[in-house]
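Colleague: show me how the following folds:
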Amino acid sequence: MVLLFPKFLAASQCRVVAQIYSYPVTCCLIPDDVIDFQVQFIYNTCPSFEYHFDFGDATTGTTSSSWVSHSYSTPGTYTITATPIGGPSDTILNPAGGSAVITTTITILSEEECSCGILDFTYSWSPCSSIQFQFNKNLVARDCDRSGVVYSWDFGDPTSGASNYSSDSDPIHVYADSGSYHVKLAVIIPANIYNPACTLVVERTINSSNGFLFLVPSVLTISSLTTSVNTPVTFQFNEAASDFSNIDLDFGDGNEISNWDLSAVQHSYSDTGLYTIEFTFSYIHCDVPLHFTYLIHVLSPPNLPCSDCIGSFNPENGKKYLISAWVSERDAGPFVATFANPSLQLIFTDEHHVATVLPDMYATGDVIDGWQRVEEIFTVPIDAAAIHIKMNCAAGHCLFDDIRVFPFDGTMKSYVYDPVSLKLVAELDERNYATLYEYDEDGKLIRVKKETERGIMTIKESRNHLSKK
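Modeller: Down below sits the predicted model:
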């Protein structure tokens with residue numbers, strides 16, 4: 001591997017370039033790998049110098065040779081500096097005068113991290129494309145020699161036939177329908193004179209949705225997708241009006257707004273049923289109009305009051321409760337050990353609107369499939385009259401999901417149903433870990449998965465096949 005230090009040009013047209021070589025040639029380095037550092041000149045007219053090296057691990061050395069070797073005992077990222085010293089007095093090594101300091105950084109990984117390498121993948125999509133995804137592998141292998149490396153992609157989309165698989169390193173896949181897809185990448189790295197063959201695997205569930213709303217999920221806010229007869233539903237457009245035109249909103253019950261002026265509107269449904277809301281608009285960065293649909297379920301109005309009905313959740317003063325949630329950061333890298341930016345904050349107010357603010361609650365424990373759990377115990381103040389849950393994000397884009405509050409000495413389970421088929425798709429236990437249910441095209445249960453501290457595990461899988469006679 002050859003890494004170039006930053007270059008500088010001397011007043012005498014003498015350019016110094018420092019190079020790092022490591023043997024055996026590797027793409028990731030581990031403790032005790034011997035790294036050879038070389039400082040060399042591009043032009044032969046350059047004078048000879050001594051060089052003072054600082055290897056960034058409290059080790060330094062001065063040498064008149066063009067080569068120096070060093071190894072690191074522990075993993076970490078180190079900054080190496082090489083300072084030319086000596087030489088003719090009329091030689092200026094940088095425009096400001098004096099000696100130039102050349103720096104670079106090098107990362108040493110643990111043997112476990114680098115036994116075969118580190119694999120991950122990223123994906124992106126175009127806001128004007130329906131559901132076309134560009135996948136890009138991120139491979140840091142133990143060996144730099146990539147000849148013979150085999151890539152095997154499974155996009156989790158069996159209805160696409162042979163297109164569900166690819167051997168390209170950075171493929172493109174188009175999903176026919178919106179939904180969640182489990183994408184798997186396996187990389188086989190062949191053996192060489194230094195290391196045996198090995199296989200790396202990474203898999204992740206992605207959400208495929210119509211491109212623009214997946215990229216900007218808040219472009220249209222609907223106050224509720226489950227409502228009751230004659231209850232107003234608010235529609236709010238949230239983006240800059242200058243980027244959009246020809247905006248039409250069809251409520252699905254024979255009423256619509258053409259060329260919507262983007263002021264918030266309310267609409268009520270007079271009959272029960274499942275209605276399809278159609279939202280169409282032109283976007284300045286797209287050549288064709290964008291069209292999106294939503295389903296809203298209108299129910300019969302509740303018959304209240306009811307002596308046997310369970311009231312809304314009302315925490316008791318002085319009692320202990322448990323709050324939990326799952327948080328993530330959209331821009332976090334694949335190797336982040338914890339999410340420090342998202343947090344939950346509880347604010348209690350008394351009858352005089354005087355606030356009691358509890359400290360921010362941060363995620364702890366392992367990151368599971370890109371999410372980390374917040375779980376804290378709190379006591380409701382004696383004088384509290386209202387409780388507010390605030391979602392904070394110190395930087396970047398934070399995501400929050402499955403926020404739950406229940407008595408400390410109680411248990412809670414919650415259930416998620418598909419809005420169209422009404423089938424159970426997830427069950428969250430008392431620890432807020434999900435059991436996921438997957439169905440085939442005929443609506444039969446084929447797979448059960450479980451969230452654990454070690455990731456998502458498949459605990460049951462079945463297939464049925466009827467042969468034709």
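
Colleague: low-confidence stretches in the stretch 101-250 of the chain?
Modeller: 101-102, 125-131, 142-147, 177-179, 193-194, 207-218, 239-241 (pLDDT under 70).

Colleague: now the helices for it?
Modeller: 211-215 (DSSP state H, counting those that start in this stretch).

Colleague: skip the chain neighbours and tell me the closest residue to the residue sitting nearest the centre point of the chain.
Modeller: Closest residue to the average C-alpha location of the chain: R330 at 4.4 Å, with Cα atoms, centre = their mean. Nearest residue to R330, sequence neighbours excluded (Cβ to Cβ, 6 or more residues apart in numbering): H397, at 4.0 Å. (Glycine included, C-beta is placed from N, CA and C.)

Colleague: just to revisit the earlier point, and the residue nearest to the centre of the chain, what does it touch?
Modeller: The contact partners of R330, taken as Cβ atoms under 8 Å, 6 or more residues apart in numbering, are G396, H397, C398, L399.

Colleague: and the third one, how many neighbours?
Modeller: Other residues lying near C398 total 19 when counted by other Cβ atoms under 10 Å.

Colleague: for the first one, same thing?
Modeller: Here the count is done by other Cβ under 10 Å, and G396 has 12 residues near it.

Colleague: what's the helix or strand for it?
Modeller: For G396, there is no host helix or strand (DSSP states H and E).

Colleague: what distance do you get for it to I206?
Modeller: Noted for G396: a distance of 19 Å to I206, by Cβ to Cβ, to the nearest Å.

Colleague: most widely separated two among the contacts of R330?
Modeller: G396 and L399 (10.2 Å; Cβ to Cβ).

Colleague: joint contacts of the two?
Modeller: E329, R330.

Colleague: picking that back up, quick one, phi psi at the residue nearest to the centre of the chain?
Modeller: With angles defined as degrees, to the nearest 10, R330 sits at phi -60, psi -30.

Colleague: repeat that for the one 5 residues further on.
Modeller: For F335, the backbone dihedrals (degrees, to the nearest 10) come out as phi -110, psi 20.

Colleague: so what's it up against?
Modeller: Counted by Cβ under 8 Å, 6+ apart, F335 has contacts I118, D120.

Colleague: need the pLDDT of it.
Modeller: At F335, the pLDDT value in this model is 79.

Colleague: and the one helix or strand V416 maps to, which strands flank it?
Modeller: For V416, the host element (DSSP H and E) is strand 414-417. Strand pairing for strand 414-417, determined by DSSP bridges: strand 424-428 (antiparallel).

Colleague: by contact count, what packs against the helix or strand following the strand it pairs with?
Modeller: Counting by DSSP H and E, the next helix or strand C-terminal to strand 424-428 is strand 434-439. Contacting strand 434-439 under the criterion 3 or more Cβ pairs under 8 Å, 6 or more residues apart in numbering; DSSP states H and E are the following elements: strand 424-428, strand 445-452.

Colleague: can I get those strands in CSV with mean neighbour count, distance to S169 and mean pLDDT?
Modeller: Shown next, in CSV, are the helices and strands packed on strand 434-439 (neighbours: other Cβ atoms under 10 Å; distance: least, Cβ to Cβ, whole Å; pLDDT from 0 to 100):
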stretch, mean neighbour count, distance to S169, mean pLDDT
strand 424-428, 17, 33, 89
strand 445-452, 16, 28, 88
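
Colleague: between the ones you listed, which gets nearest to D33?
Modeller: strand 445-452 (34.9 Å).

Colleague: what's the helix or strand that the closest one is followed by packed up against?
Modeller: Helices and strands here follow DSSP H and E; after strand 445-452, the next one along the chain is strand 455-461. Packing contacts for strand 455-461, counted by 3+ Cβ pairs under 8 Å, 6+ apart, involve strand 445-452.

Colleague: what about the strand it packs on, distance to the chain center?
Modeller: 22 Å (Cα atoms, centre = their mean, to the nearest Å).
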